[in-house]
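In: After the sequence you'll find the predicted model.
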Amino acid sequence: MKKDSVVLRLIISAGIIILLIIPLTMIQSLITERQTYRDTVVAEINRSWASEQTVAGPILSIISKEWTENQEGKKILRQNKYHLLPENLNIETEVFPETRYRGIYEVTLYKTNIKITGEFDFNIVQKFDYDKLIKNEEENYLSFNITDLKGIEDNIELKWNSLKK
């Protein structure tokens, strides 16, 4: 009689476990479905917004030309490019979080105002007999690497020795 009662208890326990696994599986399925939909919503909102940004620079490129002779004695015009990084660089940023909603999901996006100031040391260029070179200041340029231009909303303002460009 005791054996029957133990077997009956095991059968009832197994039945309860099986009955509890069914809702657990359904809940797990719902969680997976909502995670997939959340990832879709985040990707959809991100497509309408700029992706992750990395700003590198500034790099000042100075172009110069000099006349030189090649191996056959012919005069050729050689172009040189000097790339300068700033000696001092100060970056000030303001970050503004913005929350977007789609259905039951919320996604936080960020806007940033960036102010970059720096100083270049032109003494480095003078070491290369820069005075002997043909210089065209119109060809020089300042460059930044921005990973996603879609994120730039306003015009970029450049002040060079108090001159706005």
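Out: On my side now, so go ahead.

In: care to break this protein down by domain?
Out: In the domain annotation for the chain, the residue ranges read 1-48, 55-164 (automatic domain parsing).

In: Residue 60: how many residues sit nearby?
Out: 19 (other Cβ atoms under 10 Å). Bear in mind the C-beta positions are built from the backbone N, C-alpha and C, glycine included.

In: can I assume it is in contact with residue 158?
Out: No - here residue 60 lies out of contact with residue 158, judged by Cβ atoms under 8 Å, at a distance of 11.5 Å.

In: Which residues are in contact with each of these two?
Out: residue 142 (Cβ atoms under 8 Å, 6 or more residues apart in numbering).

In: Mind telling me which of the domains of the chain the model trusts least?
Out: If you rank these by mean pLDDT, domain 55-164 sits at the bottom with a mean of 82.

In: where do the helices sit along the protein?
Out: With DSSP state H, the ranges of helices along the chain come out as 2-47, 123-126.

In: Name the stretch among those helices that sits most buried.
Out: Most buried of the helices of the chain by mean neighbour count (mean count of other Cβ atoms under 10 Å) is helix 123-126; its value is a mean of 12.
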